[in-house]
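> got a sequence here, can you build the structure:
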Amino acid sequence: MKLVWQILAVVAVGAVGGQSVTAVQSNPWLSLLLAGLTVVLSVFVYRWVVGRTERRPVTELAREGAQGALLRGLAIGVAMFGCVIANIYLLGDYKVHGFGSLTGAVALFGFMAGAAVTEELMFRGLLFRLVERGLGTYIALALSGAVFGAVHLLNKDATLLGGVAIAIEAGGMLAAAYAATRSLWLPIGLHFGWNFAESGIFGTEVSGNGDTHGLLDASTSGTKLITGGEFGPEASVYSVLFGALLMVAFLWLAHRRGHIVPRQRAERVNALATLTR
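The predicted model follows:
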């Protein structure tokens, strides 16, 4: 029942908040306000329900060091997508036609912030963390990444290639970032930085959700393997490459810090917990 309450509480807040922000997306300032409220409420509910049901300090959302971790994640996310778009540009497949929309970028800032927080709480804070307890880090990373990619197949212009790409470059990489730091703040910042750079700065499609109107009025053309097609640059081979490299780096860091949970250790922990009940 503890798991059920956690999922219900976090998913409910995320779903209601996401729908509210989407409904007022034509009003950038109201969208930004509702997204801010969604972020605050989502973090509060996660802390409350996890702390209450597991009877422990919710260290993965500790206030200490949160700002620094968010900024580091933001920088990594923007730099990562910057590398992707730079490679597409050098091949002549990304073109800037002029300035886009400042108000559009404001609306996207709020929307992407809300999405980054709610998705990280659900997929890394709950799914990955709880599966890892029973099956270890690597299986939890693979399973949670696959689920994350599958969810994105529900988007408007979703493709199978896009779903697989998301599973690797986002699902796997963000889970590895959590494993390395044991904090949700870094993956939240990374997730937001990537998505906002993709839409709010460079003006490209995000995960098959259709056109965006960011700071730059731009378009992509060329082979889907390079540009990602209608799904957006997240389905580009460059996104998969950089995401996979970053995932390996985070897993190396997690191993160095002793944060990897082997399956056999997880099984021993479960057996011990059963004996002591």
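
> low-confidence bits of this protein, can you list those?
1-2, 208, 210, 264-277 (pLDDT under 70).

> one more time with 50
Applying pLDDT under 50 to the chain picks out residues 266, 269, 271-277.

> and the residue nearest the centre of it?
residue 191 (4.0 Å; Cα atoms, centre = their mean).

> now that one: closest residue in space that isn't a chain neighbour?
If the residues on either side of it in the chain are set aside, residue 191 comes closest to residue 116, at 4.0 Å by Cβ to Cβ, 6 or more residues apart in numbering. All C-beta atoms are positioned from the backbone trio N, CA, C, and that covers glycine.

> residue 232 now?
Closest to residue 232 by Cβ to Cβ, 6+ apart is residue 205, at 3.3 Å.

> quick one: the strands in the protein?
94-99, 216-220 (DSSP state E).

> winner for burial among those strands?
strand 216-220 (a mean of 18; mean count of other Cβ atoms under 10 Å).

> output that strand as CSV, restricted to C-alpha atoms.
Extracted in CSV, the C-alpha atoms of strand 216-220 (Å, rounded to 0.1, in the frame of the first residue of the first chain):
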residue,chain,number,x,y,z
LEU,A,216,15.0,31.3,-32.5
ASP,A,217,12.8,30.7,-35.6
ALA,A,218,14.5,27.7,-37.0
SER,A,219,13.9,24.4,-38.9
THR,A,220,15.6,21.1,-39.6
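
> what packs against that strand?
Here strand 216-220 touches strand 94-99, going by 3 or more Cβ pairs under 8 Å, 6 or more residues apart in numbering; DSSP states H and E.

> give me the sheet partners of the strand it packs on and which way each runs.
strand 216-220 (antiparallel) (DSSP bridges).

> show me the contacts for the nearest residue to residue 83 once chain neighbours are set aside.
Using Cβ to Cβ, 6+ apart and skipping residues adjacent in sequence, the residue nearest residue 83 is residue 242, 5.6 Å away. Counting by Cβ atoms under 8 Å, 6 or more residues apart in numbering, residue 242 makes contact with 80, 83, 84, 169.

> re earlier: the residue nearest to residue 232 is in contact with residue 218, isn't it?
No: the pair residue 205 / residue 218 is not scored as a contact, 10.6 Å apart, by Cβ atoms under 8 Å.

> residue 240 versus the closest residue to residue 95 other than its chain neighbours, what's the distance?
Once flanking residues are discounted, residue 95 sits nearest to residue 219: 5.8 Å by Cβ to Cβ, 6+ apart. Noted for residue 219: a distance of 22 Å to residue 240, by Cβ to Cβ, to the nearest Å.

> equivalent analysis for residue 158, please.
16 Å.

> what of residue 148?
For residue 148 relative to residue 240 (Cβ to Cβ), the value is 14 Å.

> how many neighbours does residue 40 have?
12 (other Cβ atoms under 10 Å).

> apologies, that question was intended for residue 151.
There are 18 residues near residue 151, going by other Cβ under 10 Å.

> could you number the chain from 824 rather than 1 from now on?
Fine by me, first position is 824 from now on; the one you just mentioned is residue 974.

> who's in contact with it?
Contacts of residue 974 (Cβ under 8 Å, 6+ apart): none.

> look up how far residue 1068 lies from it.
Applying Cβ to Cβ to residue 974 and residue 1068 gives a distance of 24 Å.

> now do residue 862
29 Å.

> now residue 1029
Residue 1029 is 21 Å from residue 1068, by Cβ to Cβ.
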